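1. sequence? don't have it. structure:
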């Protein structure tokens with residue numbers, strides 16, 4: 001008996017397995033149906049798909065086309081993102097790149113469900129870092145060692161200023177205006193004069209985009225020097241006066257000190273200290289922008305031994321050579337070798353000297369390089385530069401090698417995605433791929449390369465010289481992290497973004513307000529429905545409008561996925577959400593009490609979930625919608641939260657009771673006025689909005705107090721403007737009426753006589769005052785008679801009106 005039961009159970013399991021693993025119309029599928037029928041069950045077939053799910057395609061910089069995304073290892077994605085070079089404050093260019101990369105990463109993890117290992121480097125040793133750290137160190141040392149203002153100090157600053165004008169300001173000057181040694185002061189007088197000419201200034205900026213910055217620094221320094229001389233002449237040699245001079249000339253002084261003493265600064269800790277400070281600031285800024293931390297952060301200074309080993313293998317593989325303590329990658333040899341290709345991303349840039357030299361850095365040496373396209377894997381350190389030991393002598397890593405080594409150390413010989421800004425495509429990313437493939441001896445180190453587009457400010461490239469350089473600190477004083485992210489989401493990740501005030505105050509603000517209002521309304525409806533309980537009202541609330549709205553939800557969800565599968569088309573996805581919100585608002589306003597609140601709630605929950613997926617959420621994820629910033633700081637106790645509301649409620653109750661007890665004739669009117677005051681004034685600072693409804697019950701909404709106050713003030717301003725316009729219109733009408741009345745002050749019998757008309761116009765009149773003859777005694781013509789009679793009749797009516805007005809008003 002037991003054996004029979006086991007056998008029957010095994011047959012059932014076998015039948016289920018067959019249906020799960022074979023096509024329904026195959027021979028095996030027919031066997032499965034027969035087997036099922038033999039057990040007394042009806043046949044079951046695998047459902048046929050009505051529509052196919054879209055395939056994720058990514059715009060791949062390697063092919064310049066949208067390629068189907070295929071991870072190498074199941075759901076695992078190995079992703080390396082080029083991180084910052086940390087030597088100064090983070091700016092809007094960083095925001096554009098890292099917020100956008102964060103959005104793409106969130107889509108892959110939170111929407112498509114991939115297991116992403118996201119690695120990002122921090123460049124903490126670089127020409128810019130070395131130079132900035134060294135100059136800061138020398139400046140700080142000089143400042144701390146200076147104890148008083150002296151003639152020698154002023155003279156030293158004058159010499160430094162002259163050098164700065166020749167070396168920096170002159171870069172933008174035309175040849176005929178460049179000062180020679182000892183003639184800087186004379187040239188400066190001429191420069192000050194020419195600077196007032198905007199055309200001349202633009203020509204200088206065309207020669208050197210930093211001209212304005214250098215000019216400003218020189219002008220500030222010279223003013224400091226002249227002020228110091230005045231202090232000295234007045235016998236003021238204080239420490240404060242000395243430091244005031246030094247601080248006003250920091251840019252000028254830093255270059256002179258660096259030229260004289262840079263060889264004395266060799267401690268890597270000096271560069272690392274500067275880099276560590278700005279790295280901390282960078283990640284603080286990223287946190288404020290709601291950018292997720294990388295899964296793994298790598299720093300160049302932590303991987304120097306691995307970099308040395310990496311370079312050694314590239315040499316042994318025949319693709320690099322040593323020259324005077326440096327090691328260079330041989331691009332020509334690599335490009336000619338079968339299976340390899342140099343500059344896969346931008347082959348047209350191979351001979352672009354400006355890009356190639358820019359990729360090597362300001363402190364790079366060209367000694368021993370066989371080709372202009374060859375790039376440094378290892379740089380021999382010069383005086384004033386930090387160094388690490390290597391087989392080729394003391395030196396430091398080249399810029400491009402760091403990413404190859406650190407990415408390989410974490411992700412191995414291949415990665416699914418490599419990302420960064422479009423400005424890094426050549427030579428940095430092309431050099432990365434070449435040296436990595438030379439090391440791993442593979443033909444493809446990266447499967448998909450994605451590059452974020454440039455950022456422009458008000459149509460122009462961001463630049464300190466153009467005075468449109470915006471730090472993240474500065475931008476977050478004007479706009480929220482959510483608004484910045486919305487601005488980037490409404491534009492394609494790979495396109496150039498033109499960031500402007502009109503974009504933020506127009507499209508972005510309108511979108512944010514639309515979504516906030518939608519979630520506020522839905523929350524109020526849900527709270528109201530919950531307050532009324534779950535009892536049925538006898539209706540199912542799922543009629544034609546509900547079916548139509550549900551179909552809109554299904555369509556929006558499908559379109560949303562299609563947009564994101566289309567190489568992360570976030571503008572299309574956002575438009576889809578906006579359209580669904582609009583349709584839902586129409587439904588809410590048209591259905592009234594017949595609406596299906598549960599359906600509306602489901603739509604709001606999905607929209608909120610998708611917005612949070614993009615990184616736009618605030619507060620608890622369980623909250624309906626995308627959340628709001630916690631303006632209380634999250635530490636308020638129960639009494640602090642409740643008392644403002646309780647006081648308002650108590651005051652309203654007291655006033656209502658007082659009116660009721662007085663039993664005045666206007667009590668009902670006064671109580672209604674109190675209700676309006678509660679809605680329009682008392683509850684607004686508390687963030688409570690009451691919307692009156694047709695059934696007499698108010699819809700309660702919780703809204704940001706700032707938004708309510710702003711809306712109230714805008715409404716007041718509108719009503720005031722409307723009232724002022726009405727008053728102005730009435731006054732204009734009154735003045736028009738007075739002018740008309742004043743015109744009637746002249747009696748008709750006097751209107752054709754002096755002084756109303758010039759002396760000698762007419763020579764005789766009848767008894768009514770109508771003229772009979774002209775100045776020469778000739779009778780008036782028929783046309784003239786008709787004209788004066790018509791004017792007389794008009795004036796008679798005006799005069800009668802005037803007399804009537806005068807009788808009433810005088």
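-> Noted; the coordinates are in hand. Keep in mind the model is a prediction, meaning the values are calculated, not measured. Numbering: from 1, shown residues only.

2. leaving out sequence neighbours, find the closest residue to the spatially most central residue of the chain.
-> The chain has residue 484 as the residue nearest its centroid, 2.9 Å off, counting by Cα atoms, centre = their mean. Once flanking residues are discounted, residue 484 sits nearest to residue 95: 6.2 Å by Cβ to Cβ, 6 or more residues apart in numbering. C-betas here are computed from N, CA, C, even on glycine.

3. and after the helix or strand that neighbour falls within, which helix or strand comes next?
-> Assigned by DSSP states H and E, residue 95 belongs to helix 92-106. Scanning forward in sequence from helix 92-106 by DSSP H and E, the next helix or strand is strand 115-122.

4. buried stuff in that next one?
-> 116, 117, 118, 119, 120, 121, 122 (16 or more other Cβ atoms under 10 Å).

5. of those residues, which pair is most distant in space?
-> With Cβ to Cβ as the measure, no two of the buried residues of strand 115-122 lie farther apart than 116 and 122, at 19.3 Å.

6. surely the residue nearest to the centre of the chain and residue 98 touch.
-> No: counting by Cβ atoms under 8 Å, residue 484 stays clear of residue 98, with 11.2 Å between them.

7. overlap in contacts, those two.
-> Shared contacts of residue 484 and residue 98 (Cβ atoms under 8 Å, 6 or more residues apart in numbering): residue 289.

8. re earlier: give me the number of residues near the residue nearest to residue 484?
-> Residue 95 has 27 neighbouring residues, counting by other Cβ atoms under 10 Å.

9. now do residue 442
-> Residues contacting residue 442 under the criterion other Cβ under 10 Å number 13.

10. same check on residue 499?
-> Neighbours around residue 499, by other Cβ under 10 Å: 22.

11. residue 335: which element?
-> helix 331-336.

12. check which helices and strands that helix sits against.
-> Under the contact definition 3 or more Cβ pairs under 8 Å, 6 or more residues apart in numbering; DSSP states H and E, helix 331-336 sits against helix 430-440.

13. for the helix it packs on, the distance to its chain's centre please.
-> Taking Cα atoms, centre = their mean, to the nearest Å, the mean C-alpha location of helix 430-440 is offset from the chain mean by 34 Å.

14. list the contacts of that helix.
-> Applying Cβ under 8 Å, 6+ apart, the contact partners of helix 430-440 are 310, 313-314, 317, 319-320, 329, 331, 334, 340, 342-346, 349, 359, 375, 377, 400-401, 403-404, 407-408, 413-414, 418, 443-446.

15. can you list the weak-confidence ranges in the protein?
-> The model of the chain has pLDDT under 70 over residues 1-38, 353, 356, 358-366, 463-468, 531, 629-641, 643, 810.

16. what about the longest helix in it?
-> Counting residues, the longest helix found in the chain (DSSP state H) is helix 705-743.

17. what helix or strand is the closest residue to residue 139 other than its chain neighbours on?
-> The spatially closest residue to residue 139, leaving aside those adjacent along the chain, is residue 254, at 5.1 Å (Cβ to Cβ, 6+ apart). Assigned by DSSP H and E, residue 254 belongs to helix 250-261.

18. quick one: buried residues of that helix?
-> 250, 251, 252, 253, 254, 255, 256, 257, 258.

19. who does that helix touch, helix- and strand-wise?
-> Helix 250-261 packs on helix 127-145, helix 151-167, helix 211-233, going by 3+ Cβ pairs under 8 Å, 6+ apart.

20. contacting residues around the following helix or strand past the longest one?
-> Using DSSP H and E, the helix or strand that follows helix 211-233 in sequence is helix 239-248. For helix 239-248, the external contacting residues (Cβ under 8 Å, 6+ apart) are 142-143, 146-150, 153-154, 157, 220-221, 223-225, 227-228, 231, 253.

21. show me which of the residues you listed are buried.
-> The neighbour count (16+ other Cβ under 10 Å) marks 142, 149, 153, 154, 157, 220, 221, 224, 225, 228, 231, 253 as buried among those.

22. which one of those is nearest residue 628?
-> Nearest to residue 628 out of the buried ones among the contacts of helix 239-248 is residue 220 (Cβ to Cβ; 44.2 Å).

23. now the closest one: closest residue in space that isn't a chain neighbour?
-> According to Cβ to Cβ, 6+ apart, the nearest residue to residue 220 is residue 248 (5.6 Å).

24. number of nearby residues for that neighbour?
-> By other Cβ under 10 Å, 20 other residues sit near residue 248.

25. who's in contact with stretch 734-745?
-> 795, 797, 798, 799, 800, 801, 802, 803, 805.

26. so which residues make contact with the strand or helix carrying residue 518?
-> Following DSSP H and E, one finds residue 518 within helix 509-532. With contacts defined as Cβ under 8 Å, 6+ apart, helix 509-532 is touched by 482-483, 486, 490, 574, 578, 581-582, 584-585, 588, 595, 597, 600-601, 603-604, 607-608, 611, 624-626, 628, 689, 691, 699-704, 707.

27. buried ones in that helix?
-> By neighbour count with 16+ other Cβ under 10 Å, helix 509-532 contains the buried residues 511-512, 515-516, 518-526.

28. please apply the same query to stretch 295-313.
-> Buried residues in stretch 295-313, counted by 16+ other Cβ under 10 Å: 297-301, 303-304, 306-308, 310-312.

29. just the closest of the residues you listed to residue 534, please.
-> Residue 534 lies nearest to residue 297 out of the buried residues of stretch 295-313, by Cβ to Cβ, at 50.1 Å.

30. helix, strand, or coil at that closest one?
-> Going by DSSP: H, G, I helix; E, B strand; the rest coil, the secondary structure assigned to residue 297 is strand.

31. swap in residue 58?
-> Under three-state DSSP, residue 58 comes out as strand.

32. specify the beta-bridge partners of it.
-> Judged by DSSP bridges, the bridge partners of residue 58 are residue 67.

33. and it, how many neighbours does it have?
-> Quick note: residue 58 (other Cβ under 10 Å) scores 23 neighbours.

34. look up how far residue 660 lies from it.
-> 70 Å (Cβ to Cβ, to the nearest Å).

35. do the same with residue 88
-> As judged by Cβ to Cβ, residue 88 and residue 660 stand 68 Å apart.

36. now, the most widely separated pair of the buried ones among the contacts of helix 239-248?
-> Once Cβ to Cβ is applied, the buried ones among the contacts of helix 239-248 give 142 and 231 as the farthest pair, at 18.8 Å.

37. residue at max distance from the center of this structure?
-> Relative to the centre of the chain, the most outlying C-alpha is that of residue 777, 86.1 Å out, by Cα atoms, centre = their mean.

38. need the contact list for it.
-> Contacts of residue 777 by Cβ under 8 Å, 6+ apart are 763, 764.

39. and it, what are its phi and psi?
-> Dihedral pair for residue 777: phi 90, psi 0, per degrees, to the nearest 10.

40. quick check, nearest of the buried ones among the contacts of helix 239-248 to residue 46?
-> The closest of the buried ones among the contacts of helix 239-248 to residue 46 turns out to be residue 220 (Cβ to Cβ; 77.6 Å).

41. who's the closest spatial neighbour of residue 134, skipping the chain neighbours?
-> Closest to residue 134 by Cβ to Cβ, 6+ apart is residue 265, at 4.7 Å.

42. pretty sure the one you found contacts residue 381?
-> No: with contact defined as Cβ under 8 Å, residue 265 does not reach residue 381; the gap is 11.5 Å.
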